[in-house]
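Novice: let me see the structure of the following:
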Amino acid sequence: MTADSPRRSLRLLRGLGALIVLLAVVVGVPALLVAMMRFLHMTPHGIPSLEQLSTGLKRRDDGQLLGGVLVVGVWVCWALFTVSLVPEVAAVARKRQARELRGLGWVQRPAGALVAAVVIGLTLAPLGVGVATAEDANAAVSPPPPTSSTRLATAQGADTTPAPATRQNVASPSTPTTAPTYEVQRRDTLWE
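Specialist: This is a model prediction of the structure:
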């Protein structure tokens, strides 16, 4: 078991949790709304006329009006959330930044966060690949430890000067190397 496997499993669990939430919102909310509409006998049989609307608004409310307004509001919010998922998923597929839908930022940000959590959580790439230190570089160039044949040669008076290092591209710790710096600006992305 490697040192970062608990971190990987936690990331995998977060990704699976985000996927479950995303599926619950996209699939579960409509199923729940349809079941609730059947239970409350609010299944529409057609588009109401203006006369039916005015009659319904003039009579005393028995809870149907409030229920209807809530159901329509939840349907509208679900539709906006689902529409805002489209550019987020397309951006992940194209490896680009998602286009911002005007007026839907309040819905698109949580949708983007869920999509990002799913993508990051279900990516099983190791976290520390490619990270090396100067000590790792020196260990790669250092001569091998003495073996019994080198001890025997030393005892008989053979030449014991170490062979030159074979890797020429390793920077020594005494010469500092400076990498170019970049200040991150707003709306920068690594997808491009």
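Novice: thinking R99 is in contact with V86, fair?
Specialist: No. R99 is not in contact with V86 according to C-beta atoms under 8 Å; the separation is 9.7 Å. From N, CA and C alone the C-beta is placed, and that goes for glycine too.
Novice: packing partners of the helix or strand where S9 lies?
Specialist: Per DSSP states H and E: S9 is located in helix 5-23. For helix 5-23, the helices and strands in contact under the criterion 3 or more C-beta pairs under 8 Å, 6 or more residues apart in numbering; DSSP states H and E are helix 105-122.
Novice: where are the low-confidence patches of the protein?
Specialist: When the per-residue scores of the chain are filtered using pLDDT under 70, the ranges that remain are 1-4, 124-176, 192.
Novice: list the contacts of A111.
Specialist: Listed by C-beta atoms under 8 Å, 6 or more residues apart in numbering, the contact set of A111 reads F81, S84, L85, E88.
Novice: how close does the second one sit to A113?
Specialist: From S84 across to A113, the span is 11 Å (C-beta to C-beta, to the nearest Å).
Novice: how close does R11 get to W191?
Specialist: Look at R11 and W191: by C-beta to C-beta, they are 20 Å apart.
Novice: compare the two and say which is more crowded by neighbours.
Specialist: Neighbour count, other C-beta atoms under 10 Å: between R11 and W191, R11 has more, with 18 against 10.
Novice: okay, now the closest residue to S84 other than its chain neighbours: neighbour count?
Specialist: Beyond its immediate neighbours in the sequence, the residue positioned closest to S84 (C-beta to C-beta, 6 or more residues apart in numbering) is Q108, lying 4.1 Å away. Around Q108 sit 23 other residues, with neighbours defined as other C-beta under 10 Å.
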